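>>> can't give you the sequence, but here's the structure:
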């Protein structure tokens, strides 16, 4: 049977106006059981990069890369053997050189005696959907990694939205805020959805509000809470939408001596100018004042070392 006769038979069997098929936005094709392409629409021609006259009557290996042609030939043989419609996703290189994720749907065409005479198929470009799925999968993986890392940090960490609802937190945060929150953390991992205002002192809530309202990238403050000296740092994650806090207990016994010394040095630097001004008014030498303050630092260092 010639290609023209076969195409005419297909038209009669399907009662389809092939002019309509030719204008469909997605690729449609018909191949014989021997793998010869006898019909394709314009959308199929565009992804192959050849006109229909150059495609009709040719094998797949004549119109596309051999690797792709071999894959589709194997799938065709599976379809002819199993006799069940196929639906599968595959990466297909278009004539523009770009890789596209496509969904291929194929079914067998049979004559009046039930004999297989060819394969009719269509191709749907699902690249956008596939890319979105990949992005979501990566996002979920990143969330898992971030959450795992969060739990490894000793200091208290809490991430909240602009409504002051907790997005995530670690066990260190639950321990710092005290009460029943450590037990609640086991029931509700990360205390997700909890109202921050119900868990932390007002000064921390005000710091978060300030960051959300002003758009500041970072603010820090030391506060006293439940007989603890806490260092609180608020950072913007998504401006005016999401912010996080790092809360450290400076009174905890595990605090490293280096941090205590650095804290003292910070106080030294912060107050140096004021002390020097006072010393000047008193007629003292500023250098002596600096020497005195440095000696305080050293004594603090020795005191810390002795307590270790």
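All right, it came through fine. Keep in mind the model is a prediction, meaning the values are calculated, not measured. Numbers count the residues shown, from 1 in each chain.
>>> and after the helix or strand containing residue 236, which helix or strand comes next?
Per DSSP states H and E: residue 236 is located in strand 228-238. With elements assigned by DSSP H and E, the helix or strand that comes after strand 228-238 is strand 242-249.
>>> mind listing what's buried in that following strand?
243, 244, 245, 246, 247, 248, 249 (16 or more other CB atoms under 10 Å). Placement of C-beta: from N, CA and C, glycine included.
>>> same thing with stretch 215-231?
By neighbour count with 16+ other CB under 10 Å, stretch 215-231 contains the buried residues 219, 225, 230, 231.
>>> Just the closest of those to residue 123, please.
Among those, residue 219 lies closest to residue 123 (CB to CB), at 55.2 Å.
>>> circling back: export the buried residues of strand 242-249 to CSV and tack on distance to residue 110?
Below are these laid out as CSV (distance: CB to CB, whole Å):
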residue, distance to residue 110
243, 65
244, 63
245, 68
246, 69
247, 72
248, 74
249, 77
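>>> export the residues you listed to JSON lines and tack on pLDDT?
Shown next, in JSON lines, are the buried residues of strand 242-249 (pLDDT from 0 to 100):
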{"residue": "243", "pLDDT": "89"}
{"residue": "244", "pLDDT": "87"}
{"residue": "245", "pLDDT": "88"}
{"residue": "246", "pLDDT": "87"}
{"residue": "247", "pLDDT": "88"}
{"residue": "248", "pLDDT": "86"}
{"residue": "249", "pLDDT": "83"}
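>>> what about the helices in the stretch 151-300 of the chain?
Under the criterion DSSP state H, counting those that start in this stretch, helices of the stretch 151-300 of the chain are mapped to 171-177, 181-187, 202-214, 257-281, 286-307.
>>> Can you list the helices and strands that the third one packs against?
Under the contact definition 3 or more CB pairs under 8 Å, 6 or more residues apart in numbering; DSSP states H and E, helix 202-214 sits against strand 218-225, strand 228-238, strand 242-249.
>>> hmm, 10 Å instead?
strand 156-161, strand 218-225, strand 228-238, strand 242-249 (3 or more CB pairs under 10 Å, 6 or more residues apart in numbering; DSSP states H and E).
>>> Within the sheet, what are the partner strands of the third one, with directions?
Just to be clear, that refers to strand 228-238. Next to strand 228-238 in the sheet, as set by DSSP bridges, lie strand 218-225 (antiparallel), strand 242-249 (antiparallel).
>>> now that strand against strand 156-161, angle please.
With axes from the mean of the first three to the mean of the last three CA atoms, to 10 degrees defining the directions, strand 228-238 sits at 40 degrees from strand 156-161.
>>> Residue 187 - how many residues pack around it?
For residue 187, the neighbour count with other CB atoms under 10 Å is 8.
>>> again but with residue 179, I slipped
Other residues lying near residue 179 total 11 when counted by other CB under 10 Å.
>>> go on, residue 47?
Neighbours of residue 47 (other CB under 10 Å): 20.
>>> Doesn't it belong to a helix?
Yes. Assessed with DSSP: H, G, I helix; E, B strand; the rest coil, residue 47 lies in a helix.
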